[in-house]
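S.K.: Predicted model and sequence below, questions to follow.
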Amino acid sequence: MEILWLGAFAVLLAGYFALEGFDIGLGVLLPVLGRSQAGRDRLVAAMAPFVLANEVWLVALAGVLFGVFPTLEGEVLSGLYPLVVALLLSWVLRDAGLWFRRRAGGRAWRVLWDGALWLGSAGLALTWGMALAGVALGLPAALGPAGVAAGVAVLLLLALHGWTFAAWRLPGDEVVRGAVRDGRALLLTACAAAVPALAVTAFAASSMLDRTAPDQTLTVLSVMVVPFAPILVGAQLWVWRIFRKGALPSFF
Amino acid sequence: MDVVNLARTQFAVTGSLHFLFVVLTLGLAPLVAIMNTRHVLSGDPLKERMTRFWGQIYVINYALGIFTGLVMEFQFGLSWSGLSHYAGDVFGAPLAMETLLAFFLESTFLGLWIFGWHRLPPKLHLACIWLVTLTAYASALFILVANSWLQNPAGAEEVGGRLVLRDFGALLTNPTLVFALPHVLSAGLWTGGFVVIGASAYHLFRRTAEREFFTRSLRMGVVTAFVGSLFTVGFGYAQFGPVGELQPGKFGGAVPGTALATMMGIGQLTQFVVMFVLLPLLARDWLARWRWLHPILMIMTPLPFVAAIAGWLVREVGRQPWLVYGKLTVADALTPGLSKTAITASFAGFVGVLGLLAVVDYALIARAVRRGPGQVALGAPERPADPAPAPVHAF
């Protein structure tokens, strides 16, 4: 059962990077690809229907961390304190950009929240890279050159994934300079985006298995959660079925 | 302030901000779902406009619920690693269930509902908002299971200096949960009802063109507030029994005592106003027609929010110094070695950013109310995916 929940943790982490990774990457590229307001609107509209379903993988991951690896949760989060705080603030800023950018008129308003979206996305990518380095090497190293290098590497990787998503969802659009990518290319960058996080999990796997909650807790969690797993997966697949092509919904 | 008090205040401020938005989410979700159902069943365009207008208010409000909720979820690990170390094997389970069984689905279905207009078949689109409501209620259940367990750690046993889970059923039948859950859900309805009443009163007072729209909305708001207030007050009084037994002296301190008096004062007063004034005045639409009453209705809008925060202050401050009642103090739950610099910086960051965004969010809600049902982005027609042939001007 410990293996099952470690697997669930790995799937949620990989899913987060594979899915939310392209939202973050697209946010980082927003001012580069979207030179015009209309271009930025198209880029955001392309990812918008996926964001809510994507970012929630991290919320679920944190829940599993707390429920299945409780002692680890406190140690990891407080051990990486400044990075976790920066990651959360970036996440909030990115989301605020998305939710608020079209809720009022005026060019300044739009520029402000597009800026928040960009800054938050860049902050998320950098702090994720640094946090992964922190889990592997410890906080001091994560705040040094090694951490910064990891942050930049993750940022570039997610940017590539975000660009591929844009070229898949908006094929031939001027925002991607007319490029076209198929689903296979998107799947490839999705897998690539998940690699760093999975590598760190593999590195930590044996110590994680020693730190799981007792069997009784895991049994209760399994009994409650496993029956709903098909609904969780089904709802995610439904999002992709509905929004993979066609007109761009314009709410965000 | 010392580190413990800073960490406590940080959690209290984030938690209070979170609940200000959550309480409205809990109330508006079922209302929007009911409006949407009436629209799908009747095909009445007015019902569609109601769904989109109140749905947009719901969605704008929802954003801050997410932001504050994220910060809260991670704050357990940041500031209170002593809690996860001592009690995580029990306390972590309902939180994990909340994220996987409730919020994961709520967020996914909300995305489908927001962006699925004109794309999903109407009945499936309608199913999404009902699933959002159901999972929001499930979320309230799991969070209150977790909180109630801190109030009364049932179903757990201390083994080797840590609590282990013995009986999960005891967490679900916890006496500190069974009346608190309907109390909170009804308070949500009450709050949602008051927001609908206040916004409708604004348009009726201003004599905007949307007379029928807001007369109907006002009626729905009053009925909702009536049902909500009845059950909130009922399940509020019902809690005195178990609380007196499990946490005697809970209301003794200055803060919980004052907060209790505030909550009950507001609760009693507004419940009587709803039951004996607003509800009878629905006859012949007197309430919608008597314009001199409308400013009073607008002023009353924030009252359920104030009462809700006061309610949480009673519940949380009233069990100090315990984090897990009778087992673990707040001071012992603090992350070991948490520095004053770290907690002060994160406090400033979280509270500054979230406070600012909360103000912006309320301004946006006010703006959406003011603009009325004529200019609603939610559910607006979609644009083509292909780049428009029209020239795009770079700036």
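M.R.: Nice, thanks for sending it over.
S.K.: can we go C-alpha only for contacts and neighbour counts from here?
M.R.: OK.
S.K.: What's the local residue count around residue 173?
M.R.: Using chain A. Number of residues near residue A:173 (other C-alpha atoms under 10 Å in any protein chain shown) recorded here: 21.
S.K.: ah, no, chain B please
M.R.: Residue B:173, neighbours per other C-alpha under 10 Å, totals 14.
S.K.: and the gap between it and chain A?
M.R.: 15 Å (C-alpha to the nearest C-alpha, to the nearest Å).
S.K.: Mind pulling the model confidence for that residue?
M.R.: At residue B:173, the model reports a pLDDT of 97.
S.K.: what do you get for residue B:395?
M.R.: For residue B:395, the predicted pLDDT is 44.
S.K.: got the contact list for residue 94?
M.R.: In the absence of a named chain, this looks at chain A. By C-alpha atoms under 8 Å, 6 or more residues apart in numbering or on different chains, the residues touching residue A:94 are A:116-121.
S.K.: sorry, should have said chain B
M.R.: Counting by C-alpha under 8 Å, 6+ apart, residue B:94 has contacts A:67, B:142-143, B:145-146.
S.K.: Mind doing that once more with 6 Å?
M.R.: B:142, B:146 (C-alpha atoms under 6 Å, 6 or more residues apart in numbering or on different chains).
S.K.: Tell me the secondary structure of it, please.
M.R.: helix (DSSP: H, G, I helix; E, B strand; the rest coil).
S.K.: and residue 225, what does it touch?
M.R.: Let's take chain A. Contacts for residue A:225 (C-alpha under 6 Å, 6+ apart) come out as none.
S.K.: actually chain B
M.R.: Residue B:225 neighbours (C-alpha under 6 Å, 6+ apart): B:190, B:193.
S.K.: And it, which helix or strand is it part of?
M.R.: helix B:211-238 (DSSP states H and E).
S.K.: Off-centre distance for that helix?
M.R.: Computed by C-alpha atoms, centre = their mean, to the nearest Å, the separation of helix B:211-238 from the middle of its chain amounts to 16 Å.
S.K.: Tell me the buried residues in that helix?
M.R.: Going by neighbour count (16 or more other C-alpha atoms under 10 Å in any protein chain shown), the buried part of helix B:211-238 is B:211, B:213-233, B:235-236.
S.K.: average pLDDT for that helix?
M.R.: Rounded mean pLDDT across helix B:211-238 is 98.
S.K.: got the CA positions of whichever helix or strand comes after that helix in CSV?
M.R.: Per DSSP H and E, the first helix or strand lying C-terminal to helix B:211-238 is helix B:240-246. Coordinates of each C-alpha in helix B:240-246 appear next as CSV, following Å, rounded to 0.1, in the frame of the first residue of the first chain:
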residue,chain,number,x,y,z
PHE,B,240,-23.9,25.0,23.0
GLY,B,241,-24.6,21.4,24.3
PRO,B,242,-21.5,19.6,22.9
VAL,B,243,-19.3,22.6,23.3
GLY,B,244,-20.2,23.0,27.0
GLU,B,245,-19.4,19.4,27.6
LEU,B,246,-16.2,19.2,25.6
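S.K.: List the buried residues for helix B:240-246?
M.R.: Per 16+ other C-alpha under 10 Å, helix B:240-246 contains these buried residues: B:242-243.
S.K.: after it, next one along is what?
M.R.: Using DSSP H and E, the helix or strand that follows helix B:240-246 in sequence is helix B:254-273.
S.K.: tell me the mean pLDDT over that next one?
M.R.: Across helix B:254-273, the per-residue pLDDT values average to 97.
S.K.: Can you name the next helix or strand after that helix?
M.R.: helix B:286-289.
S.K.: mind exporting the helix or strand just after that next one as PDB, just the C-alpha atoms?
M.R.: Sequence-wise, the next helix or strand downstream of helix B:286-289 (DSSP H and E) is helix B:294-300. This file holds the C-alpha atoms of helix B:294-300, laid out as PDB (Å, rounded to 0.1, in the frame of the first residue of the first chain):
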ATOM      1  CA  HIS B 294     -33.600  49.700  -0.500                       C
ATOM      2  CA  PRO B 295     -30.700  51.700   1.100                       C
ATOM      3  CA  ILE B 296     -31.300  49.700   4.300                       C
ATOM      4  CA  LEU B 297     -31.100  46.500   2.400                       C
ATOM      5  CA  MET B 298     -27.800  47.600   0.800                       C
ATOM      6  CA  ILE B 299     -26.300  48.500   4.200                       C
ATOM      7  CA  MET B 300     -27.200  45.100   5.600                       C
END
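S.K.: List the contacts of helix B:294-300.
M.R.: Here helix B:294-300 makes contact (C-alpha under 6 Å, 6+ apart) with B:198, B:201, B:205.
S.K.: Distance of the nearest residue in space to the second one that is not next to it in sequence relative to chain A?
M.R.: Which is residue B:201. Closest residue in space to residue B:201, ignoring its immediate chain neighbours: residue B:294 at 5.0 Å, by C-alpha to C-alpha, 6 or more residues apart in numbering or on different chains. According to C-alpha to the nearest C-alpha, residue B:294 and chain A sit 27 Å apart.
S.K.: name the element the closest residue in space to residue A:142 that isn't next to it in sequence belongs to?
M.R.: Of all residues not flanking residue A:142 in the chain, residue A:134 sits nearest, at 4.6 Å (C-alpha to C-alpha, 6+ apart). In this structure, residue A:134 sits in helix A:107-137 according to DSSP H and E.
S.K.: roughly how far out does that helix sit from the chain middle?
M.R.: Taking mean C-alpha positions (C-alpha atoms, centre = their mean), helix A:107-137 and its chain are 11 Å apart.
S.K.: by contact count, what packs against that helix?
M.R.: Applying 3 or more C-alpha pairs under 6 Å, 6 or more residues apart in numbering or on different chains; DSSP states H and E, one finds that helix A:107-137 contacts helix A:2-33, helix A:81-100, helix A:139-142, helix A:145-169.
S.K.: List phi and psi for the residue of the stretch 151-252 of chain A found nearest chain B.
M.R.: Of all residues in the stretch 151-252 of chain A, residue A:247 sits closest to chain B, at 4.4 Å by C-alpha to the nearest C-alpha. Main-chain torsions, residue A:247, degrees, to the nearest 10: phi -60, psi 160.
S.K.: picking that back up, most surrounded residue in the contacts of helix B:294-300?
M.R.: Counting neighbours by other C-alpha under 10 Å, residue B:201 comes out on top of the contacts of helix B:294-300 with 26 neighbours.
S.K.: quick one: contacts of the helix-or-strand element of chain A with minimal mean pLDDT?
M.R.: Least confident helix or strand of chain A, by mean pLDDT, DSSP states H and E, is helix A:70-79 with a mean of 91. Surrounding helix A:70-79, the residues in contact under the criterion C-alpha under 6 Å, 6+ apart are A:65-66, B:77-78, B:81, B:84-85, B:88.
S.K.: Next, the contact list for residue 154, please.
M.R.: If you meant another chain, say so; for now it's chain A. Contacts of residue A:154 by C-alpha under 6 Å, 6+ apart are residue A:129.
S.K.: The chain in question should be chain B.
M.R.: B:170-171.
S.K.: That one should be in a strand, yeah?
M.R.: No - checked against three-state DSSP, residue B:154 lies outside a strand; its state is coil.
S.K.: Following element in sequence after the top helix by length along chain B, please.
M.R.: Ordering each helix of chain B by length in residues (DSSP state H) puts helix B:3-42 first. Sequence order places helix B:45-79 as the next helix or strand after helix B:3-42, per DSSP H and E.
S.K.: what packs against that next one?
M.R.: helix A:70-79, helix B:3-42.
S.K.: chain center to it, what's the gap?
M.R.: Mean-position distance between helix B:45-79 and its chain equals 9 Å (C-alpha atoms, centre = their mean).
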